[in-house]
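Student: I'll drop the sequence and a predicted model, then ask my questions.
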Protein chains: 2
Amino acid sequence: MTPQRLDAAMGEMTQLLLPEVKEALRSGDDKLLAESVNALTEELLAADIADLLLTLEHDDAVKLFKALIPRKRIHAFEFLGLEEQEKLVENLGSETLGAVLDGMSSDDRADLFRHLPEAARERLYPMLAQAERNDVKRLLEFTEGTAGSVMSTEYATIKPEMTVSEALEHLRHVAPQRETIYVLFVIDEQRHLLGVVSLRELITAVVGSKVAQVMRREVISAKATADREEVAALISKYDFLALPILDDEGRMLGIVTHDDVIDVIKAEATEDAHKVGGVEALDMPYLETPILTMFRKRGVWLVLLFIGQMFTANAMSHFEKEITVALVLALFVPMIISSGGNSGGQAASLIIRALAVGEVKMSDWWKVVRREIVTGLMLGAMLGVLGFGQVLVRSWFSPQEYRGHGVLVAATITVSLVVIVLWGSITGSMLPIILKRLGLDPATSSTPFVATLCDVTGIVIYFAIAILMLRGALL
Amino acid sequence: MTPQRLDAAMGEMTQLLLPEVKEALRSGDDKLLAESVNALTEELLAADIADLLLTLEHDDAVKLFKALIPRKRIHAFEFLGLEEQEKLVENLGSETLGAVLDGMSSDDRADLFRHLPEAARERLYPMLAQAERNDVKRLLEFTEGTAGSVMSTEYATIKPEMTVSEALEHLRHVAPQRETIYVLFVIDEQRHLLGVVSLRELITAVVGSKVAQVMRREVISAKATADREEVAALISKYDFLALPILDDEGRMLGIVTHDDVIDVIKAEATEDAHKVGGVEALDMPYLETPILTMFRKRGVWLVLLFIGQMFTANAMSHFEKEITVALVLALFVPMIISSGGNSGGQAASLIIRALAVGEVKMSDWWKVVRREIVTGLMLGAMLGVLGFGQVLVRSWFSPQEYRGHGVLVAATITVSLVVIVLWGSITGSMLPIILKRLGLDPATSSTPFVATLCDVTGIVIYFAIAILMLRGALL
């Protein structure tokens, strides 16, 4: 880690404290250690303590973790990544560990259990209190990727017949155990969701009014089996702090909160980035993906692209006669076809992303085509001029190859570049829209896929233009 | 818009209401219209009313907007995109418009003004109340992309000497005008930030305690001139609801809230997607980007890539002698070099994204190389086998081209594919890490950039292997 990255990853406070914390960890006495560590970390936020733990050597991190007061321990643990959580789990006694696991928020705890191998899970269950054990087991039943798999079961509920002040008094008591108390869910005896009310509405309500009078009855909610991406889209659309998750009978099961949305959006962007790069979405961190999985997810696409590329050899062999007569034409094949692929890749990247964020809709296809025709012609013309210059200069140095037709060959390259860049721009921009129309993921029209398509067609376009323009001269 | 998209974009409620709303808009009488519209939209959330406005024809949308009660009007307006806001602004009378603009949250209002052309801005200023006019002008002074440019000035402040119940009573009164009352900022007479306290902490605090006793004094904050990405990273790291923005003297200027983070994260992902596709980040929606800007942002890279591709012609001309003797070798050039580019593009996409989300650090470079060597060899071997089969089959159909050395040529292709795919994987994975090391954006090592690099080097590798393996036989 360079100092620069350290800066970005750690708060200034944490960085200033690091030497002192290390010093404190050197003191042998457990009690002294605990005192100095807690004095040092008193004002630190949990995320910063997690940073400290990440920065220290593993043994020191375990030492520091044990020395923290229980509440800080739990919060700092929640801010660690799953890998680091797993490492700590292996090195903590069952008493410390049980308290941490019991105290964690229910969604983070379920995430950890989901991540652990079966054996580790079985070892941890007995450390949990009965209620927490049942909670984990229930949450683990939801398939990964569903709303149920990311929801928390610690939400604040109130009854419709409570007065506003009764509700506030109730919240004072339950607040410490709830993930949020800023959105309150009004439920009946069978836990059916009747309405929602925000803490802001509760505080500003007329004194003495009942919850039933101030709550909103039209509630936006999602089923536990819904895709987590849909849930993230709802929360982000309405700027919610929390979205209630219901079972099929409309009973409350949990909530998904605003901070979960950020994780889902990041995961979605990663999935798209992989697909656009011509890889099936890995669904796990690069360094943790087993080699065989990596091989499979890349191999599938690489083979498909390779099969596509085989047609370039077929296409070129159609023009063997021309190449034999004018070998110089073959030299420019990679340059010309890749220019089509590059402009196509640009257009595809722009449109895939624009579709993903909703800036371009399918109905805009004609606007897109018009833009790409203009842009493609301009870009093609620019490359055409460059290509003309390059070929002309080359022809001065090796005139025998061009047999006196340097200008004509240069003109052929120019026309080919204009047509192929234009063709690439149109293909690259339309492919994602067509895929979406067919109900497929637009990101599947990856940059290498567009490039391969442009390579094969580019060869045909190039030689066709060459035959037209050079017949009777070089050919 | 297909029905499918409509479904995703609009709540079920909105969709059910649409025919009735259209019906209501047909009634001539303004008062009747207002009554029926407000009855229909009473339980709708602002985001859904915004959806309704988007779905209607422009004239109907203006009609509906005017018929809404003022509070709904303001909230629905805030949920519209800048383009739609601009269109509405052009069609509303100054009285309606003034009330909407005054009522908007300060960051959304500043965004709109920032987006409008100078003339429209000047026309709107007189419609604003004095305080709001000053607020907009102050916010517009912050450069785009800074924390100041995305912050809201409507935050809730309390004094350190207040008791907890005084603070709660104060909040009851100011709540409607504040963007959030869940994070409270404790300031002195000069607006210096002394501490923060969450509403949850305030509610659960011991009755009678002073704000100064319950507030946290170590506050995470950002300067107004800070990059908005840094602010988003802080909010996302600590799971904050709001981050205070300060001036150089530590006085409070505004807050950035959790929902702004989602926008910033999306914008960042778009920027990376563009760069990886070989385009300079557009920084505005595709369809709104002027053609000349589009030309410039794509042209720069296309020209650089083209200049790189010119070297492929140079590289190939070095092997003209070999091509003349064995033309068949030229046929496989595009297929072989693009396989290197494709595997390199895959590796680059994976590593760029992994660096962006922090899954891979620069110090992991050796782990990455090892993985890519194994994966690259496996992928190369697979394509090698396919290539061997393809060339062998081709040689049966046109044996004269291979002059009886079909197997040897096939073996040459196989070895070339293994080496070039391996080389592509290593290059593609290392380039982003090297760029980051040099302080550049890893996303600059775009898929087409890696492909171009692999094309030029691939030609040299391919012909070198061919000369070694085919000397004395085909060559």
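Tutor: Alright, I've got the coordinates.

Student: Go through the host helix or strand of A:Q15 and flag the buried ones.
Tutor: Remark: A:Q15 resides in helix A:12-26, with elements defined by DSSP states H and E. Within helix A:12-26, the residues that count as buried by 16 or more other C-beta atoms under 10 Å in any protein chain shown are A:13-15, A:17-18, A:21, A:24-25. For the C-beta atoms, the positions are set from N, CA and C on the backbone; glycine is no exception.

Student: Closest to A:L168 out of those residues?
Tutor: A:M13 (34.3 Å; C-beta to C-beta).

Student: can you pull the contacts of A:W423?
Tutor: A:340, A:344, A:376, A:454, A:457-458, A:461 (C-beta atoms under 8 Å, 6 or more residues apart in numbering or on different chains).

Student: Which ones among the residues you listed map onto helices?
Tutor: A:340, A:344, A:376, A:454, A:457-458, A:461 (DSSP state H).

Student: Which of those ranks first by neighbour count?
Tutor: A:G344 (36 neighbours; other C-beta atoms under 10 Å in any protein chain shown).

Student: Hmm, A:L475 is touching A:V328, no?
Tutor: No: using C-beta atoms under 8 Å as the test, A:L475 is too far from A:V328 to be in contact (11.1 Å).

Student: out of everything not next to it in sequence, what's closest to A:I203?
Tutor: Distances taken as C-beta to C-beta, 6 or more residues apart in numbering or on different chains put B:R172 closest to A:I203, at 5.6 Å, once the chain neighbours are dropped.

Student: would you list the buried residues of helix A:12-26 in a markdown table and tack on pLDDT?
Tutor: Shown next, in a markdown table, are the buried residues of helix A:12-26 (pLDDT from 0 to 100):
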| residue | pLDDT |
| --- | --- |
| A:M13 | 66 |
| A:T14 | 73 |
| A:Q15 | 74 |
| A:L17 | 79 |
| A:L18 | 81 |
| A:V21 | 82 |
| A:A24 | 81 |
| A:L25 | 81 |
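
Student: so the residue nearest to A:I203 is in which element?
Tutor: helix B:164-174.

Student: For the residue lying closest to A:I307 once chain neighbours are set aside, the count of nearby residues, please.
Tutor: Leaving aside its chain neighbours, A:I307 sits nearest to B:L386 (7.6 Å; criterion: C-beta to C-beta, 6+ apart). If you count neighbours by other C-beta under 10 Å, B:L386 ends up with 19.

Student: In the helix or strand B:L386 falls within, which residues are buried?
Tutor: Assigned by DSSP H and E, B:L386 belongs to helix B:365-397. Across helix B:365-397, burial judged by 16+ other C-beta under 10 Å covers B:365, B:368-369, B:371-372, B:375-380, B:382-384, B:386-388, B:390-392, B:394-395.

Student: and the helix or strand just after that helix, C-alpha only, in CSV?
Tutor: Downstream of helix B:365-397, the next assigned helix or strand under DSSP H and E is helix B:399-402. Extracted C-alpha coordinates of helix B:399-402, given in CSV (Å, rounded to 0.1, in the frame of the first residue of the first chain):
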residue,chain,number,x,y,z
PRO,B,399,-3.8,-28.8,-49.9
GLN,B,400,-1.9,-26.9,-52.5
GLU,B,401,-1.8,-23.8,-50.2
TYR,B,402,-0.2,-25.8,-47.5
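
Student: what does helix B:399-402 contact?
Tutor: Residues outside helix B:399-402 that contact it (C-beta under 8 Å, 6+ apart) are B:327-328, B:395, B:406, B:409, B:474.

Student: in that helix, what's buried?
Tutor: Those buried within helix B:399-402 under the rule 16+ other C-beta under 10 Å are B:401-402.

Student: taking the mean pLDDT, what do you get for that helix?
Tutor: Throughout helix B:399-402, pLDDT has a mean value of 84.

Student: circling back: B:Q309: which of the contacts of A:W423 is nearest?
Tutor: The nearest member of these to B:Q309, counting by C-beta to C-beta, is A:G340 at 11.0 Å.

Student: quick revisit: what would the buried residues of helix A:12-26 look like in CSV with distance to chain B?
Tutor: Shown next, in CSV, are those (distance: C-beta to the nearest C-beta, whole Å):
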residue, distance to chain B
A:M13, 7
A:T14, 11
A:Q15, 14
A:L17, 11
A:L18, 16
A:V21, 16
A:A24, 19
A:L25, 22
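
Student: picking up where we left off before, please tell me the pLDDT value assigned to the residue nearest to A:I307.
Tutor: If you check B:L386, the pLDDT there is 95.

Student: need the contact list for it.
Tutor: Contacts of B:L386 (C-beta under 8 Å, 6+ apart): A:303, A:306-307.

Student: Select from those the one having the most neighbours.
Tutor: Among the contacts of B:L386, the one with the most neighbours (other C-beta under 10 Å) is A:F306, at 25 neighbours.

Student: Helix or strand: which one has the residue nearest the centre of chain A?
Tutor: The C-alpha lying nearest the average C-alpha coordinate of chain A belongs to A:A267 (C-alpha atoms, centre = their mean; 2.5 Å). Element membership of A:A267, judged by DSSP H and E, is helix A:258-276.

Student: pLDDT on that helix, on average?
Tutor: For helix A:258-276, the mean pLDDT works out to 86.

Student: Please apply the same query to stretch A:158-168.
Tutor: On average, the pLDDT along stretch A:158-168 is 95.

Student: and that stretch, does that touch chain B?
Tutor: Yes: using C-beta under 8 Å from any C-beta of the partner chain, stretch A:158-168 reaches chain B at A:L168.

Student: Figure out the length between the terminal residues of that stretch.
Tutor: 9 Å (C-alpha to C-alpha, to the nearest Å).
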